[in-house]
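1. Predicted structure and sequence below. I'll ask about it afterward.
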Amino acid sequence: MCITICAGLIANPGQAASPDKSAPREGSASNTALETEIDGVISVSAGFDHTCGIKLDNSVACWGDGDYGQSLPPGGAFTQVTAGAFHTCGVKQDSTIACWGDDTDGQSSPLGGAFAQVSAGGSHTCGVKSNNTAACWGDDSEGQSSPPAGEFTQVGAGASHTCGVKLDHTLACWGNPFRPEVNPPDETFAQVSAGLDHTCGVRLDESMACWGDDSYGQSAPPTGTFTLVSAGYYYTCGVKKLDGAVACWGNNSAGQATPPAGAFTQVSAGYFHTCGVRLDGTVTCWGDNEFGKAPSVSLSPTSLDAGWLGIEYAETLSASGATAPYLFNHTGELPPGLSLAPEGTISGTPTLLGDYTFTVQARDSSSPQFSGQKEYTIYVTEITQIFLPLVSR
């Protein structure tokens with residue numbers, strides 16, 4: 001559904017099902033936005049109930065639901081990974097495709113040959129071969145696996161349709177020709193992403209365009225310039241060019257369209273959860289956490305005590321979730337004279353008045369490494385001496 005990180009968008013293998021649009025499924029572990037960060041992952045892809053990422057050593061790690069084997073990647077080195085509904089595919093370093101998970105419609109039985117890019121959809125998969133032609137395999141009941149002739153730079157597979165960017169930057173879409181999401185505007189694009197019943201693309205001028213179903217506002221993008229877009233189930237997210245912030249629009253019943261603050265290099269919209277790669281290479285996920293597709297690390301306390309100028313200060317942070325023990329670090333400015341120890345203790349003697357805001361990150365001990373973060377402020381004030389008059393008896 002996007003050029004590097006892609007999302008699978010159907011509810012049952014072999015069919016483009018339409019679940020309740022207004023709320024997460026029953027039994028969801030959380031209906032509120034969750035922030036989860038995974039250290040050592042350089043790219044990530046959010047699927048239906050699982051997530052996969054490429055680690056720093058180019059191996060693939062997956063987490064979340066694995067009933068179909070979609071979270072059990074093979075060994076070896078990969079350059080790209082894409083999570084579909086119940087299957088996953090990746091481009092290996094030798095340019096061949098490997099897929100794992102549900103293969104009911106042949107979506108995990110890739111074609112041979114060398115590929116530059118791959119995108120896993122609902123029950124089908126498409127890719128761009130090294131000769132720039134598009135190739136697809138899996139379910140073709142709507143024509144979503146029958147690409148047109150021509151040369152492409154990138155393809156995005158949705159639930160039951162596919163779109164691609166041609167060498168001249170125009171778009172071609174295939175699937176049910178009577179569906180609006182398969183009829184792109186006659187404009188030039190740098191990237192395209194296919195969702196459930198809608199499609200979005202980043203134009204060459206870096207503005208956003210969407211078409212198809214707009215019942216939840218998923219095809220009504222904000223203004224501004226973007227570097228990439230990812231179309232999810234009934235929502236869409238994109239990375240803004242100006243500051244790297246993520247913007248999301250559409251259905252937000254599980255918090256999947258409420259991204260955290262900060263700059264990102266990638267974003268991947270799934271079913272009811274979203275993941276993005278931050279500038280430091282960590283991954284943050286938000287939305288539905290059923291099946292552990294977005295494990296979280298929480299920090300406490302909620303706020304820190306104020307400090308007194310010239311008076312010794314000590315405050316201990318703690319973390320919970322994922323796998324203990326945890327290591328702590330921070331970004332931003334601590335009050336001069338204070339430091340944060342790796343085990344989570346802030347201590348020292350403040351030497352300067354002022355308000356100091358910083359972000360603390362706690363990383364767990366698993367591999368890949370999960371982490372959470374929280375913003376804190378310490379106010380350093382001066383002790384005021386009060387002289388009381390002597391009272392004679």
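-> Received, thanks. Residues are numbered from 1 along each chain as shown.
2. can you pull the contacts of Thr316?
-> Counting by Cβ atoms under 8 Å, 6 or more residues apart in numbering, Thr316 touches Gly344, Thr345, Ile346. Using the backbone N, CA and C atoms, a C-beta is placed for each residue, glycine as well.
3. Give the bridge partners for it, please.
-> For Thr316, the beta-bridge partners under DSSP bridges are Thr345.
4. Val202 bridge partners, please.
-> Judged by DSSP bridges, the bridge partners of Val202 are Gln191, Met208.
5. likewise Ser45?
-> Cys52.
6. Could you tell me how many residues sit around it?
-> 33 (other Cβ atoms under 10 Å).
7. what's the answer for Thr274, then?
-> Burial measure for Thr274: 32 neighbouring residues, criterion other Cβ under 10 Å.
8. That one against Gly47, yeah?
-> No. Using Cβ atoms under 8 Å, Thr274 is not in contact with Gly47; the gap is 11.5 Å.
9. Report the set of residues contacting both of the two.
-> Both Thr274 and Gly47 lack any common contact, where contact means Cβ under 8 Å, 6+ apart.
10. sorry, back to before: compare the contacts of Thr316 and tell me which has the most neighbours.
-> Ile346 (24 neighbours).
11. Quick check, central residue of this structure?
-> Central residue of the chain (Cα atoms, centre = their mean): Cys275, 1.6 Å from the mean position.
12. That one against Val283, yeah?
-> Yes. Assessed by Cβ under 8 Å, Cys275 is found in contact with Val283 at 5.7 Å.
13. and Ala245, what does it touch?
-> Shown in contact with Ala245 (Cβ under 8 Å, 6+ apart): Val239, Pro259, Ala261, Gly262, Ala263, Phe264.
14. Confirm for me that the second one is in contact with Ala247.
-> Looking back up the chat, that one is Pro259. Yes. Assessed by Cβ under 8 Å, Pro259 is found in contact with Ala247 at 7.3 Å.
15. out of these two, which sits in the more crowded spot?
-> Pro259 (22 against 19).
16. Run through the helices of the protein in chain order.
-> Under the criterion DSSP state H, helices are not mapped anywhere in the chain.
17. how about low-confidence regions in it?
-> Regions of the chain meeting the criterion pLDDT under 70 cover residues 1-39, 385-393.
18. Regarding it, what is its longest strand?
-> strand 369-381 (DSSP state E).
19. Quick one: residues contacting Ser339.
-> Counting by Cβ under 8 Å, 6+ apart, Ser339 touches Ile346, Ser347, Gly348.
20. what's the spacing between the residue lying closest to the first one once chain neighbours are set aside and Tyr376?
-> So that's Ile346. Distances taken as Cβ to Cβ, 6 or more residues apart in numbering place Glu315 nearest to Ile346, at 4.8 Å, with adjacent residues excluded. Using Cβ to Cβ, to the nearest Å, we find Glu315 at a distance of 9 Å from Tyr376.
21. ok, those two, which is more surrounded?
-> Per other Cβ under 10 Å, whichever of Glu315 and Tyr376 has more neighbours is Tyr376, with 20 against 16.
22. For that one, give the beta-bridge partners.
-> Beta-bridge pairing of Tyr376 under DSSP bridges involves Phe358.
23. That one contacts Leu304, correct?
-> Yes. Assessed by Cβ under 8 Å, Tyr376 is found in contact with Leu304 at 5.1 Å.
24. ok so, going back, so what secondary structure elements neighbour the longest strand of the chain?
-> Packing contacts for strand 369-381, counted by 3 or more Cβ pairs under 8 Å, 6 or more residues apart in numbering; DSSP states H and E, involve strand 36-39, strand 298-300, strand 307-308, strand 354-363.
25. for those strands, which one ends up most surrounded?
-> Mean neighbours per residue, mean count of other Cβ atoms under 10 Å, is largest over the helices and strands packed on strand 369-381 for strand 36-39, with a mean of 27.
26. quick one: the spatially closest residue to Ile42 that is not a sequence neighbour and Ser43, what's the gap?
-> Spatial nearest neighbour of Ile42, chain neighbours left out: Ile54 (5.4 Å); criterion: Cβ to Cβ, 6+ apart. Ile54 is 5 Å from Ser43, where distance means Cβ to Cβ.
27. Could you do Gly244 as well?
-> From Gly244 over to Ser43 the distance is 16 Å, taken as Cβ to Cβ.
28. if you count what's nearby, which of these two comes out ahead?
-> Comparing Gly244 with Ser43 by other Cβ under 10 Å, the one with more neighbours is Ser43, at 22 against 15.
29. State the distance from that one to Glu343.
-> Note on Ser43: its distance to Glu343, by Cβ to Cβ, is 31 Å.
30. Number of residues surrounding Thr265?
-> Neighbours of Thr265 under the rule other Cβ under 10 Å: 17.
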